[in-house]
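> Following is a predicted model, sequence given first.
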2 protein chains.
Amino acid sequence: MATYKNELSNAGSSLTCVAEHAGVSAMTVSRVLNQPNKVAEATRQKVEASLDALGYVPNLAANTLRRERSGVIVAMVPTVENSIFSDTIQGISDILEAAGYQLLLGCTSYDLEKEEKLTRAFLGRRPDGIILTGVSHTDTTRALLKNAGVPIVEMWDFSDQCSENCVGFDNYKAGYEIARYMLECGYENIGLVATTLEHEAHEFRAAKRSAGIYAAFRDANRPAPLRRNVSDPLAIDECGATAADFVAANPEFDAIICSSEVLGVGAIKELHGRGWQIPEKIGVAGIGDANIAGLVHPGLTTIKIPGKRIGERSAEILVERLRGSHDLAIQEDIGFQLVVRGSTK
Amino acid sequence: MATYKNELSNAGSSLTCVAEHAGVSAMTVSRVLNQPNKVAEATRQKVEASLDALGYVPNLAANTLRRERSGVIVAMVPTVENSIFSDTIQGISDILEAAGYQLLLGCTSYDLEKEEKLTRAFLGRRPDGIILTGVSHTDTTRALLKNAGVPIVEMWDFSDQCSENCVGFDNYKAGYEIARYMLECGYENIGLVATTLEHEAHEFRAAKRSAGIYAAFRDANRPAPLRRNVSDPLAIDECGATAADFVAANPEFDAIICSSEVLGVGAIKELHGRGWQIPEKIGVAGIGDANIAGLVHPGLTTIKIPGKRIGERSAEILVERLRGSHDLAIQEDIGFQLVVRGSTK
DNA sequence: GTGAAAGCGCTAACAC
DNA sequence: GTGTTAGCGCTTTCAC
């Protein structure tokens, strides 16, 4: 005897329930959902009424199992708490939603081991595609991804030697550019405040930016800048204190380059608080312009990275790939932009 | 004949493949994965070797289908681009990860219709729980949720009459508190700059905050403040311009209350830029302290909302509920905090 | 235009 | 301790 659930509990309401309710077969209901034009008008209306009456919600787990296609895209970013990647996530989300995909978001905390763990866990969902931040991953992560045969996009970095899809900017050039600008401004004694994340591997994006900074000094025939590292690059007050202490300890400095937006803004706030004149007494530059560089006074001279665009393009490329429009890996340099504000003269 | 895939493509590698490779039944492999102590040591090692050799990744779609439990929690927030909800998401993510759940994130753009759409789509994944922002939803959304029988938590608002789990703060009180503070400061002519989102329903959180503000004026026997609305409450420059124009048009103002952090910060920047002395000439207050209120100069006097805590508790309560520890709905008032900075005297 | 059968990968329930 | 059977909800294939 029929056992379809009534309107008060669709928790188990299946195609079969709807089929019984409408007096047709499950297949017909499935067709109404997926290829309605292959169903007679009268049948369709009958089925749609039952669909409504039972409050049917398709079970996408069954769908995934049968179709070997989940409609899920995984994206992993280093942090979601800080706003660095907020607009990237928004960009990804917008594109995926329009294309009918759902977003499974992971947060790696800048930790490749955690990225590996998440990759393993997420692959269980049989995602149709994966967006990763950066081009550095553990060997196991790479193996897992390759093994799974899922198309991937690496974002927020750029390398034309990459075999994967890759959307971002050249972190080395970004570092080079801000340093070049500061040197051309005529600053004589520039200090560098940077994160320590880069100890891991030279592939890291922060390490690339530092490398670019050093290269600009070399090309200008200047000695490498004195450097101080911050331990928690997202803690703005701590960053500011470190930067200000660094300046205080090196009276010859006329400027500092900070390797991130948070660092730069923290430095401006703290130096300002301690009575240093910016930019007269000390110039400050940063890298990154997500949402706070323009708020402090004076504003932070920095490198603007089009995060939303990176997210959008990453998702777009993945979607195109899934539609089969592209077979070759795409490497896309989104570029960046020098933004000069009041923190430099 | 056996057809298990080799190491280069696990795309289809199933329990059965692993079982054949190890010379056992699929059930035994399943046991090694789920209840290893019920398997003989020797068998276990053999199976684990095969698991490794084939790079087996469990298919969670099949798991979900069979177990009627997906291990997925859905969370929906109004925006992911602005940092308002960033730490809430981080809080949710931290707790869920520790509890072994995956997070499916949705962004409603402050739109209840979109929330309904997303709800429908996400329910297809058979999530084990759902976290929603606010207590206002369309009737259909409510019906869908009820019908699905999924435990839910509503966050970022608080109502002790709510039949659902609810974690947040009293938006009305938050509005009341900032207005009360400004009145007690001795400001005589206060303007109100607010968002227009509240046109929808009086349930909306922004509308509640406004209602609280008006109530504070009434309780102080003051007439309702003059008010101006901003159209895009997330566009900081536009917000600032609107606020500054409002002040310029009403020379009698000695202070303004802004209904959000972005508004408040935008106002300070723009007023400062136009040469208004803050707080001497004009006081500025806001609501919200996600990450920028303390960066402008002077800092914004505002209401700090513990977003991360809200996210953590929301996820915790959901997880407890899923473990069966609680049956009754929990309403938890996380509270808020008045933060006085330089923008008020 | 519609339906019946089979099977995606997994595990609960029951043998042995 | 291990294997067999059945079925979760869906769609592909083929039959009518």
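Yes, it's here.

> Please list all residues in contact with A:Val18.
A:Tyr4, A:Ala26, A:Val29, A:Val47, A:Ser50, A:Leu51, A:Leu54, A:Tyr56 (CB atoms under 8 Å, 6 or more residues apart in numbering or on different chains). (Glycine included, C-beta is placed from N, CA and C.)

> Retrieve the pLDDT associated with the second one.
Model confidence at A:Ala26, given as pLDDT, is 96.

> which residue does the stretch 201-345 of chain A bring closest to DNA strand C?
Using CB to the nearest atom of the strand, the closest approach of the stretch 201-345 of chain A to DNA strand C is made by A:Leu322 at 19.4 Å.

> wait, the stretch 51-200 of chain A
Residue of the stretch 51-200 of chain A nearest DNA strand C, by CB to the nearest atom of the strand: A:Arg66 (3.7 Å).

> Nearest to DNA strand D: which residue in the stretch 101-250 of chain A?
Distance from DNA strand D to each residue of the stretch 101-250 of chain A (CB to the nearest atom of the strand) is smallest for A:Arg126, at 12.7 Å.

> my guess is that residue meets B:Ala62, correct?
No. A:Arg126 is not in contact with B:Ala62 according to CB atoms under 8 Å; the separation is 9.5 Å.

> between the two, who's got more neighbours?
Each of A:Arg126 and B:Ala62 has its neighbours counted (other CB atoms under 10 Å in any protein chain shown); A:Arg126 has more, 22 against 17.

> That one: what secondary structure?
Here A:Arg126 is coil, with the state taken from DSSP: H, G, I helix; E, B strand; the rest coil.

> Next one: the residue of the stretch 101-250 of chain A closest to DNA strand D from A:Asp327, what distance?
21 Å (CB to CB, to the nearest Å).

> likewise A:Asp289?
Separation of A:Asp289 from A:Asp327 (CB to CB) stands at 35 Å.

> More neighbours: which of those two?
A:Asp289 (24 against 6).

> All the helices of chain A, residue numbers only.
Using DSSP state H, the helices of chain A run over residues A:15-22, A:26-34, A:41-54, A:60-67, A:86-99, A:112-123, A:139-148, A:171-184, A:205-219, A:236-249, A:261-273, A:307-322.

> buried residues in the longest one?
Along helix A:307-322, these residues count as buried under the neighbour rule (16 or more other CB atoms under 10 Å in any protein chain shown): A:307-319, A:321-322.

> quick one: which of these is nearest B:Ile257?
Distance to B:Ile257, by CB to CB, is smallest for A:Lys308 among the buried residues of helix A:307-322, at 31.0 Å.

> Isn't the closest one up against A:Gly91?
Yes. Using CB under 8 Å, A:Lys308 makes contact with A:Gly91 at a distance of 4.1 Å.

> Name the residue of the stretch 101-250 of chain A that lies nearest to chain B.
Nearest residue of the stretch 101-250 of chain A to chain B (CB to the nearest CB) works out as A:Gly124 at 3.9 Å.

> how near is the closest residue to that residue other than its chain neighbours to B:Arg67?
In space, and not counting its chain neighbours, A:Gly124 is closest to B:Leu60: 3.9 Å by CB to CB, 6 or more residues apart in numbering or on different chains. Between B:Leu60 and B:Arg67 the computed distance is 10 Å (CB to CB).

> neighbour count winner among these two?
Set B:Leu60 next to B:Arg67 and count neighbours by other CB under 10 Å: B:Leu60 wins out with 23 against 12.

> Roughly how far does the more buried one sit from B:Ala99?
Remark: distance between B:Leu60 and B:Ala99 (CB to CB) = 16 Å.

> Same check on A:Ala148?
Here A:Ala148 is placed at a distance of 25 Å from B:Ala99 (CB to CB).

> Show me which of those two is the more surrounded one.
Per other CB under 10 Å, whichever of A:Ala148 and B:Ala99 has more neighbours is A:Ala148, with 22 against 16.

> what's the closest residue to the more buried one other than its chain neighbours in contact with, if anything?
Spatially, and ignoring its direct neighbours in sequence, A:Ala148 is nearest to A:Leu123 (5.2 Å; CB to CB, 6+ apart). Neighbouring residues of A:Leu123 by CB under 8 Å, 6+ apart: A:Leu144, A:Leu145, A:Ala148, A:Val150, B:Val57.

> What is the nearest of those residues to B:Arg228?
B:Arg228 has its nearest neighbour among these in A:Val150, at 50.4 Å by CB to CB.

> Just give the number of residues close to that closest one.
Quick note: A:Val150 (other CB under 10 Å) scores 21 neighbours.
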